[in-house]
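Trainee: here is my input; please provide its structure:
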Amino acid sequence: MDTPQYPAGPPVPEDYYAPSRRAELIAVLEGAPATMRRAIAGLSEEQLDARYRNWTIRQIVHHVADSHANAYVRFKLALTEERPTIKPYHEDRWVALADSRTGDIVAPLALLDGLHVAWVQLLRMLSDDEFSRTFFHPETGKVVSLHAALGSYAWHCGHHIGQIAWLREQNGW
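Mentor: Got it, this is the predicted structure:
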């Protein structure tokens, strides 16, 4: 069977979230490290190297940590500068590095734990006006609000955890 592009559903971007919906999205980010740990619980080294499309489970774990570290910095930049141009990164090159291909997943999991605690603390303190702050993404040519970025990164958690869950289900793990 072909792997689905969006095992947890496609992204549905929105430019604004009401406070109650923001709280739900922040809760997704708060729970993401524990949800990731449950998704990979009990997997062997061989299973961590199983592929979902182009990346292994190990690479997915490293990627989520890399991506969310970049996201945290993007939020801080948008909050402290006027419409900063963010620095894109080549996620495909990052996951091709030796640490992502063959390294232990303990470090990126620990990074997710601490990073998400700090990020959620920040998010819960932001006002509606602060969520309206923006950054410019030079690859897409779009101005992105922190509202939209929050939704995107909450979706990102479910997307990659969904990939792992799909692999587990298909392989009977």
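Trainee: quick one: contacts for residue 87?
Mentor: Neighbour list for residue 87: residue 70 [criterion: C-beta atoms under 8 Å, 6 or more residues apart in numbering]. The way it works is simple: take the backbone N, C-alpha and C, and place the C-beta from them, glycine included.
Trainee: so it, which state does it fall into?
Mentor: What DSSP: H, G, I helix; E, B strand; the rest coil gives for residue 87 is coil.
Trainee: now it: how far from residue 64?
Mentor: According to C-beta to C-beta, to the nearest Å, residue 87 and residue 64 sit 19 Å apart.
Trainee: which helices and strands does the longest helix along the chain pack with?
Mentor: Taking DSSP state H as the criterion, the chain has its longest helix at helix 146-171. Helix 146-171 sits against helix 19-40, strand 51-52, helix 57-80, helix 128-131, with contacts defined as 3 or more C-beta pairs under 8 Å, 6 or more residues apart in numbering; DSSP states H and E.
Trainee: any buried residues in the third one, and which?
Mentor: Neighbour-count burial for helix 57-80, with 16 or more other C-beta atoms under 10 Å as criterion, is recorded at 57-72, 74-75, 77-78.
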